[in-house]
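Asks: Whatever this is, show me its structure:
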Amino acid sequence: MRLIEGNKMTAVILIVAAFLVLLPFVYESRNLFILLTQIFVFSIFAMSYDLLLGFTGIVSFGHAMFFGIGAYSIGIFMKRFEPTLGYFLLAVLMTIALTAIVSFVVGLLTLRLKSHFYAMLTLSLSGLFLVLAEKWRSMTYGNDGFTFRVPEQFIDRTHFYWLCLFLMVAVFLLLKRFTNSPLGRVMQAIRENEQRTESLGYHVLHYKITASVVSGVLAGIAGVLYAVSLRFVNTSVFTMDITLDALLMTIIGGVGTLVGAIIGAGIIEFAHDWLTALAKEHAIFERWIIFFGIIYILVVMFFPKGIVGTLSSLSWKKKKQHAVKKEEKMAG
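Replies: Model (predicted):
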């Protein structure tokens, strides 16, 4: 039953993606496409975090370090070299290598710790990258940040919009396959009961590190796309706010659902854009973060398992009740 529902959800995602591909041909709005591009980028970032939290049960407060590595990698390459597609691809490969190495080392050093001890240590390590970005001014220009040119293929916002859309769908399908594989099933078993999984003979640390590496690489790619969309990078990409955004997107959409990360990213980015626009017209919305908090509280109250998780639970209960009634009729 869950497999059928998963296939239906994948089909819906592909239909929506096809609509979004065709959207630029029938509707022109620069602001809308910039907003949608941001949603695609943060959907990738949120899905990378969901792999840790939702499928392996790892709570990280330092996920922004991988996002920031990706953003600075592309920024430094495009600043110091010619903004060609070749250097762009080289920067992406450098990002994949750096995030894989850093996530492997961080996982090896920290994943032996449990729950909040691991979370706080990842926060500290992320803080080290933030300090490094602030102090290494010859390379990062400190808090001021720097602008950079992008390959001519991405100057057209529509082309970049399609690229981000394609990568979001590709990451979704990749993670869907990954989490349904035997490796992904072991990760979910670790989430449910780590001690029992270990007693069955699985080396839990190896699976956790694997999840950390895959998640870190995808977060780095999201950082690359984010920096290219702005054509600017500064130390804000390493802040705790970036990690909290991923956490909120995952929780609001539904932990352990992947599609929930996409929905959560869409809700948060649309709410942020809408509330900041209202702040320009009405003074009461100048403190938009308060209203943003209210939206989050309402979502958590009415959708305790996230939007996708709660709707799936309600659908499952209805089907179960229908099956029970059917059995009662047959027995009668």
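Asks: Just to check, Pro83 is in contact with Pro151?
Replies: Yes. Taking C-beta atoms under 8 Å as the definition, Pro83 is a contact partner of Pro151 at 5.4 Å. Placement of C-beta: from N, CA and C, glycine included.
Asks: residues in contact with the nearest residue to Thr110 once chain neighbours are set aside?
Replies: Closest residue to Thr110 apart from its sequence neighbours, by C-beta to C-beta, 6 or more residues apart in numbering: Leu121 at 4.9 Å. Contacts for Leu121 (C-beta atoms under 8 Å, 6 or more residues apart in numbering) come out as 62, 109-110, 113.
Asks: where does Leu121 land on pLDDT?
Replies: With respect to pLDDT, Leu121 scores 87.
Asks: Check Phe67 too.
Replies: We have a pLDDT of 96 for Phe67.
Asks: Count the residues that sit near the residue nearest to it when sequence neighbours are not counted.
Replies: The spatially closest residue to Phe67, leaving aside those adjacent along the chain, is Gly223, at 4.0 Å (C-beta to C-beta, 6+ apart). A count of nearby residues for Gly223, using other C-beta atoms under 10 Å, gives 31.
Asks: any chance you could map the helices in the stretch 51-200 of the chain?
Replies: Secondary structure of the stretch 51-200 of the chain (DSSP state H, counting those that start in this stretch): helices located at 64-80, 85-110, 115-135, 137-140, 157-179, 182-192, 194-199.
Asks: Centre of the chain to the longest one, how far?
Replies: Averaging C-alpha positions (C-alpha atoms, centre = their mean, to the nearest Å) puts helix 85-110 17 Å from its chain's average.
Asks: Buried residues in that helix, which are they?
Replies: Burial within helix 85-110, assessed by neighbour count using 16 or more other C-beta atoms under 10 Å, is assigned to 87-88, 91-92, 94-96, 98-100, 102-103, 106-107, 110.
Asks: now the shortest one
Replies: When neighbours are counted by 16+ other C-beta under 10 Å, the buried residues of helix 137-140 are found to be Thr140.
Asks: go on, the first one?
Replies: With burial defined by 16+ other C-beta under 10 Å, the residues of helix 64-80 counted as buried are 64-79.
Asks: Same question for the third one.
Replies: Going by neighbour count (16+ other C-beta under 10 Å), the buried part of helix 115-135 is 118-119, 121-123, 125-127, 129-130, 133.
Asks: any idea how far that helix is from the chain center?
Replies: Here helix 115-135 shows a centroid-to-chain-centroid distance of 19 Å under the convention C-alpha atoms, centre = their mean.
Asks: Skipping adjacent residues, who's closest to Met139 in space?
Replies: Of all residues not flanking Met139 in the chain, Ile76 sits nearest, at 6.5 Å (C-beta to C-beta, 6+ apart).
Asks: ok, the one you found touching Tyr141?
Replies: No. Ile76 is beyond contact range of Tyr141, at 10.0 Å (criterion: C-beta under 8 Å).
Asks: could the contacts of Leu121 be laid out in TSV, adding pLDDT and distance to Leu314?
Replies: Listed next are the contacts of Leu121 as TSV, based on pLDDT from 0 to 100; distance: C-beta to C-beta, whole Å:
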residue	pLDDT	distance to Leu314
Gly62	90	35
Leu109	85	42
Thr110	85	37
Leu113	76	37
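Asks: from the residues you listed, which single one is nearest Val259?
Replies: Val259 has its nearest neighbour among the contacts of Leu121 in Gly62, at 25.2 Å by C-beta to C-beta.
Asks: picking up where we left off before, and the residue nearest to Met139, what does it touch?
Replies: Residues near Ile76 by C-beta under 8 Å, 6+ apart: 91, 139-140.
Asks: and the direction of the helix or strand containing Met249 versus that of helix 115-135, what angle?
Replies: Using DSSP states H and E, Met249 falls within helix 240-253. Between helix 240-253 and helix 115-135, the angle comes out at 140 degrees (axes from the mean of the first three to the mean of the last three C-alpha atoms, to 10 degrees).
Asks: ok, Ala17 to Tyr202 distance?
Replies: With distances taken as C-beta to C-beta, to the nearest Å, Ala17 is found 35 Å from Tyr202.
Asks: what does Ile101 give?
Replies: For Ile101, the distance to Tyr202 equals 25 Å [C-beta to C-beta].
Asks: residues contacting the most centrally placed residue in the chain?
Replies: Most central in the chain under C-alpha atoms, centre = their mean is Ala46, positioned 1.6 Å from the mean C-alpha point. By C-beta under 8 Å, 6+ apart, the contact list for Ala46 reads 245-246, 249-250, 253, 261-262, 264-265.
Asks: Backbone dihedrals for it, please?
Replies: Per-residue torsions, Ala46: phi -70, psi -40 (degrees, to the nearest 10).
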